[in-house]
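Engineer: make a model of this:
(one chain, ligands or ions: 1)
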Amino acid sequence: MKSLVVLWVIFASVFSFCLDRQAFTFTKYDLDVRIEPEQQRLSVRGSLALRNDSASPQKNAVLQISSSLTWRSIQADARPLQFVSQSYTSDIDHTGELSEAIVTLPTEVAPGNSVELTIGYEGTITLDATRLTRMGMAKEQAIHTDWDQISRLSSAVRGVGNVVWYPVAMEAANLSEEGSLFEKIGRWKLRESNAAMNVKLSYSPANGGGLPELVCSAEGRGMLEAKAGVQKVLAACDFPRLGFQAPSFVMAEYVFLDAPQLQIFYREQHKERAEKFVQAAAAVAPFVSQWVGVGRRKALVAELLDPGAAPFESGLMLLTPLGDTDPKLLQIAMVHELTHAALPSDRPWIFEGFAHFMQAAYREQQQNREAALDFLGLHRAAVMDAERGGNSKSKDPSSPEQSLIATANEAFYRSKAAYVWWMLRDMLGDEALKKALASYRHDQDKDPAYLQRLLEGQSKRNLQWFFDDWVYNDRGLADFRVESAFARKASQDNYLVTVTVENLGAAAAEVPVKVEFDGGEMSQRIEVRGKGEATVRLATPKSPKQIVVNDGSVPEGDLSNNTYKVAAAAQ
Ligand SMILES: [Zn+2]
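Structural biologist: This next block holds a predicted model:
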């Protein structure tokens, strides 16, 4: 027996050595998911369509699910297929491990061809933060991050990246390699964005009791179909395209509130808190609609029962504890969600980046530009880290994969993108940006230059240089330095100041140059090409004291060289 095990291990590892886990793209999921909260169980039957997108014929297919689930059957054309099931270490699942089935296909699948598989698997989904605790995170903290589970009281299960409850196939990702995990999951989502997924979730309570609500993050109608009469709870979750979402579901004895801007599922004792969400959404709705119009759909909020749970969003769904949050903070959160509802896009840097930009813009309306730039500044460390390559092992500065248009890295498509939107707004003004967005149609955004053309059409400016440096390529950041500043007294109350700004970075940007003098300041914008310099002249009423380039609106690697003391003006 022992030698058999040894052979088995060798066999399995040889097998996995020559496997191409990325060969197939999953193009269609049809899953019937039965949830048994009392047993913390899930059982799935359904079918998958896989298309061979590799260059060579494939005899094997890889299907991965959470290690807490077990493969029961894999068939093609109603005939069982041979498969080897092995455990595969990967942090794309909360358990830190996957049940990987290596399936022998009935015939070789030629490049470009597809195969349909009928599948069955089941198991439990319990609270498990192994992937975090094995890295040394305290369990108490880890379970507020990896809070997914099916349980009698409430169930909340996120998709790939947290719980692999639907089959995927990708190379192992490791949390301890910085950036590797999120980047791999991001790549998977981008690759699978055209997949259609139809999931039928159901729950049949064993013996009466209250019937929970079952909610999922799907697009379109039929999101909720709780049929209390037949003692069965059903939810049809149809994703015509997955987009960048991670299909997720929650189930608990929620109360449902359908407000004008959002739908919220909450626990009865948190009625007031739920109403605060509704009020916050109503308060920010005029601001959001000014920018991007009114959402065709509503944002969806569902309460997580663990008050310490980290919030999570996917598409239009926000899973969050309903805390006693400050109304102003709640408004900022709702700006993000309402922007998502009003501006659908398949491009993460537009969908997420613009939603983050909108939060900063709303801070400006709440308070002022400085507060907005402070808010934007919260993204700076993430951007810096990502640009230094700390976020990606294989970071190659010229790698097209890190351009905003192609990136799967959150630091880029959220944080850097928020800055890029802010710079565009500073350059073009609110009106041109709003008009361009009003004409944006996500289903027409096929060509990378689509948005650039819309913005150029409204602003009558050539933006090629900006999109080249910030969107189509990753040229890093700007890095400004005041190279020189001279002042000359032109008349009694008139000084002419000449400032030359150098950009040590490779990304061109338009940046404000501020001249400070006793009792006041003046500012002018200047465009400085990457590795270039530019000169600006200003007239000030008093002798200039100090020059400051960049008010924080352009992301920069080094902020320590942005201030320049001006020598006393020549007569
Ligand atoms: Zn978002």
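Engineer: show me where pLDDT drops low in the stretch 301-450 of the chain?
Structural biologist: Low-confidence segments of the stretch 301-450 of the chain (pLDDT under 70): 390-401.
Engineer: quick one: the strands in it?
Structural biologist: 312-314, 317-320 (DSSP state E, counting those that start in this stretch).
Engineer: residue 140: what secondary structure?
Structural biologist: helix (DSSP: H, G, I helix; E, B strand; the rest coil).
Engineer: return the most buried member of the strands of the stretch 301-450 of the chain.
Structural biologist: A comparison of these by mean neighbour count, using mean count of other CB atoms under 10 Å, puts strand 317-320 on top with a mean of 23. Yep, even glycine has a C-beta here, placed from its N, CA and C like the rest.
Engineer: hmm, that strand touching the ion?
Structural biologist: No - figure legend: strand 317-320 not in contact with the ion (CB under 5 Å from the ion); closest approach 8.4 Å.
Engineer: so in that sheet, which strands flank that strand, and in what orientation?
Structural biologist: strand 299-303 (parallel), strand 312-314 (antiparallel) (DSSP bridges).
Engineer: dump those into TSV; add distance to the ion as well.
Structural biologist: Listed next are the strands paired with strand 317-320 as TSV, based on distance: least, CB to the ion, whole Å:
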stretch	distance to the ion
strand 299-303	10
strand 312-314	5
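Engineer: of all these, which one is nearest residue 46?
Structural biologist: Closest approach to residue 46 among these (CB to CB): strand 312-314, 20.7 Å.
Engineer: do me a favour and get the end-to-end distance for stretch 332-350?
Structural biologist: Using CA to CA, to the nearest Å, the end-to-end distance of stretch 332-350 comes to 18 Å.
Engineer: end-to-end on stretch 174-181?
Structural biologist: End-to-end distance for stretch 174-181: 6 Å, by CA to CA.
Engineer: in it, what's buried?
Structural biologist: Residues 174-175, 179-181 are the ones in stretch 174-181 that count as buried (16 or more other CB atoms under 10 Å).
Engineer: for the residue in the stretch 1-150 of the chain positioned nearest to the ion, grab the count of nearby residues.
Structural biologist: Of all residues in the stretch 1-150 of the chain, the one sitting closest to the ion is residue 145 (17.9 Å; CB to the ion). When neighbours are defined as other CB atoms under 10 Å, residue 145 has 17 of them.
Engineer: list the contacts of the closest residue to it other than its chain neighbours.
Structural biologist: Excluding its sequence neighbours, the residue lying closest to residue 145 (CB to CB, 6 or more residues apart in numbering) is residue 310, at 5.2 Å. Residue 310 is in contact with 144-145, 147, counting by CB atoms under 8 Å, 6 or more residues apart in numbering.
Engineer: do you know how far residue 310 is from the ion?
Structural biologist: Distance, residue 310 to the ion, using CB to the ion, to the nearest Å: 14 Å.
Engineer: please apply the same query to residue 183.
Structural biologist: For residue 183, the distance to the ion equals 18 Å [CB to the ion].
Engineer: now do the buried residues in the longest helix along the chain.
Structural biologist: For the chain, the helix that runs over the most residues, judged by DSSP state H, is helix 271-292. Neighbour-count burial for helix 271-292 flags 273-274, 276-278, 280-285, 287-288, 291-292 (criterion: 16+ other CB under 10 Å).
Engineer: ok, now stretch 120-129?
Structural biologist: 121-125, 127-129.
Engineer: next, the distance between the ends of it.
Structural biologist: Its start and end residues considered, stretch 120-129 measures 25 Å (CA to CA).
Engineer: could you do stretch 453-464 as well?
Structural biologist: Terminal residues of stretch 453-464 lie 9 Å apart, using CA to CA.
Engineer: count of residues packed around the closest residue to residue 154 other than its chain neighbours?
Structural biologist: Nearest non-adjacent residue to residue 154, counting by CB to CB, 6+ apart: residue 252, 3.7 Å away. By other CB under 10 Å, the residues close to residue 252 number 21.
Engineer: swap in residue 213?
Structural biologist: Other residues lying near residue 213 total 17 when counted by other CB under 10 Å.
Engineer: give the contact list for the closest residue to the ion within the stretch 401-550 of the chain.
Structural biologist: Closest residue of the stretch 401-550 of the chain to the ion, CB to the ion: residue 414 (7.7 Å). Taking CB under 8 Å, 6+ apart as the criterion, residue 414 is in contact with 348, 352-353, 356, 379, 382.
Engineer: okay, those in JSON lines with distance to the ion and neighbour count next?
Structural biologist: Formatted as JSON lines, the contacts of residue 414 follow (distance: CB to the ion, whole Å; neighbours: other CB atoms under 10 Å):
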{"residue": "348", "distance to the ion": "9", "neighbour count": "25"}
{"residue": "352", "distance to the ion": "5", "neighbour count": "22"}
{"residue": "353", "distance to the ion": "9", "neighbour count": "25"}
{"residue": "356", "distance to the ion": "7", "neighbour count": "25"}
{"residue": "379", "distance to the ion": "13", "neighbour count": "22"}
{"residue": "382", "distance to the ion": "15", "neighbour count": "19"}
